[in-house]
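Peer 1: Turn this into a structure:
(one chain, ligands or ions: 1)
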Amino acid sequence: MTTLVANDLDLRAGKRVLVEKLDWTVGAGQCWFVYGRNGAGKTTLLQTLAGLRLPDGGKIVLDGRELSDWSPLQLARRRAYLPQSRQDAFGFTVFETVLAARFPWRSEGMWESSEDRDVAAGALKRMDVLELAERDIRSLSGGERQRVAIAALLAQDTPLMLLDEPASALDLAHQAGLMRTVAGLSREENRAVVMVVHDLNLAWGVASHVLLLYGDGTWEAGSCEEMMVSEKLSHCLHYPVERVSCGNRPVFVSF
Ligand SMILES: Nc1ncnc2c1ncn2[C@@H]1O[C@H](COP(=O)(O)OP(=O)(O)OP(=O)(O)O)[C@@H](O)[C@H]1O
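Peer 2: Numbers count the residues shown, from 1 in each chain. Just a heads-up that it's a prediction; the model follows:
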């Protein structure tokens with residue numbers, strides 16, 4: 001059962017305080033959405049949670065051990081991180097790209113096992129890109145490339161998943177499919193998920209919790225029901241957001 005704890009966490013960028021004294025726990029089976037306007041510090045937070053950047057104060061503890069005490073290999077088996085953007089310098093195939101995410105699990109030598117190949121193929125299928133397996137990664141559209149990147153994250157098969165704007169390049173149907181996948185990962189597979197998304201309507205029904213970053217160091221964290229209310233969202237996004245009812249679910253609108 002994985003647990004990620006931010007303890008008195010400070011994040012800064014130059015002279016700006018992005019996050020101050022964040023005390024926050026992400027548990028197995030929880031799905032956290034992180035909201036904030038551009039520059040609020042969402043990516044900085046995810047990079048810090050992934051262990052790719054040191055905190056400016058406080059600490060992050062994963063499964064009882066401070067993040068900086070984990071070896072890169074141990075960490076790669078515990079958490080997967082989807083960055084906001086990526087560049088492909090080499091002409092690997094889609095399948096090779098996803099297979100590379102299995103590297104932390106290769107027990108002996110450099111060669112992948114049949115299990116690694118099965119997991120990679122399963123992740124590609126789950127993201128609806130299996131038919132692209134033999135294509136040069138550089139030939140994909142933006143949305144296809146994004147789905148392959150998410151497949152690589154799934155293939156890494158970690159109890160903690162950190163995703164930075166995974167839905168940004170996806171069409172409506174694939175956004176919905178991604179949200180179903182994420183909901184399944186947290187609810188059925190008991191993974192801990194932290195996700196940055198700008199679309200408020202994608203969160204409902206998928207997120208169990210929401211972290212609001214107000215951009216001046218302050219923050220609020222709580223259940224989806226508590227956090228996703230007009231007043232808090234409008235304050236967080238510096239733009240009026242109305243929560244209205246549509247059938248039996250709320251919809252978030254702004255003009
Ligand atoms: N090396 C740096 N020096 C100064 N400022 C920086 C540096 N790196 C990041 N920043 C600033 O830190 C702030 C937070 O950046 P971050 O990428 O975390 O924001 P974000 O909430 O993810 O934004 P977006 O929604 O645009 O992706 C931004 O204002 C950014 O310009």
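Peer 1: okay, CA-based contacts and neighbour counts for the rest of this
Peer 2: Will do.
Peer 1: Spell out which parts of the stretch 1-150 of the chain neighbour the ligand.
Peer 2: Counting by CA under 6 Å from any ligand atom, the stretch 1-150 of the chain comes close to the ligand at Ala13, Gly14, Arg37, Asn38, Gly39, Ala40, Gly41, Lys42, Thr43, Thr44.
Peer 1: Please repeat the previous calculation with a cut-off of 8 Å.
Peer 2: 12-16, 18, 36-45, 84 (CA under 8 Å from any ligand atom).
Peer 1: Which residues are in contact with Ser139?
Peer 2: Taking CA atoms under 8 Å, 6 or more residues apart in numbering, we find Ser139 in contact with no residue.
Peer 1: On the pLDDT front, check it for me.
Peer 2: You'll see Ser139 listed with a pLDDT of 94.
Peer 1: now it: how far from the ligand?
Peer 2: Distance of Ser139 to the ligand, computed by CA to the nearest ligand atom, to the nearest Å: 25 Å.
Peer 1: And for Leu200?
Peer 2: Leu200 is 13 Å from the ligand, by CA to the nearest ligand atom.
Peer 1: picking up where we left off before, please check the residues of the stretch 1-150 of the chain next to the ligand and keep the buried ones.
Peer 2: For those, a neighbour count by 16 or more other CA atoms under 10 Å gives the buried set as Arg12, Leu18, Gly36, Arg37, Ala40, Gly41, Lys42, Thr43, Thr44, Leu45.
Peer 1: Now go through those and say which are in strands.
Peer 2: Of the positions in these, Arg12, Leu18 sit in strands, assigned by DSSP state E.
Peer 1: possible to save the buried ones among the residues of the stretch 1-150 of the chain next to the ligand as a markdown table with pLDDT?
Peer 2: As requested, these are arranged in a markdown table below (pLDDT from 0 to 100):
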| residue | pLDDT |
| --- | --- |
| Arg12 | 97 |
| Leu18 | 97 |
| Gly36 | 96 |
| Arg37 | 95 |
| Ala40 | 96 |
| Gly41 | 96 |
| Lys42 | 97 |
| Thr43 | 97 |
| Thr44 | 97 |
| Leu45 | 98 |
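Peer 1: Mind checking which of the buried ones among the residues of the stretch 1-150 of the chain next to the ligand land in helices?
Peer 2: Assigned to helices by DSSP state H, the following of these qualify: Lys42, Thr43, Thr44, Leu45.
Peer 1: Spit out the contact partners of the last one.
Peer 2: Applying CA under 8 Å, 6+ apart to Leu45 gives the contacts Leu11.
Peer 1: Let me know the distance separating it from Ser230.
Peer 2: 24 Å (CA to CA, to the nearest Å).
Peer 1: Same question for the third one.
Peer 2: Plainly put, Thr44 is 26 Å away from Ser230 if you go by CA to CA.
Peer 1: Pull the residues that contact stretch 100-119.
Peer 2: So stretch 100-119 is in contact with Leu73, Ala76, Arg77, Leu99, Ala120, Ala152, Leu153, Ala155, Gln156, going by CA under 8 Å, 6+ apart.
Peer 1: Ends of it, what's the gap?
Peer 2: For stretch 100-119, the first-to-last residue distance is 11 Å (CA to CA).
Peer 1: What's the mean pLDDT across that stretch?
Peer 2: According to the model, stretch 100-119 has a mean pLDDT of 83.
Peer 1: Quick one: distance of stretch 205-212 to the chain centre.
Peer 2: Centroid separation for stretch 205-212 versus its chain: 12 Å, with CA atoms, centre = their mean, to the nearest Å.
Peer 1: that older thread, farthest pair within the contacts of stretch 100-119?
Peer 2: Spatial extent of the contacts of stretch 100-119 (CA to CA) is set by the pair Leu73 and Ala120 at 18.9 Å.
Peer 1: Have a look at the two and say which one is more surrounded.
Peer 2: Comparing Leu73 with Ala120 by other CA atoms under 10 Å, the one with more neighbours is Ala120, at 30 against 11.
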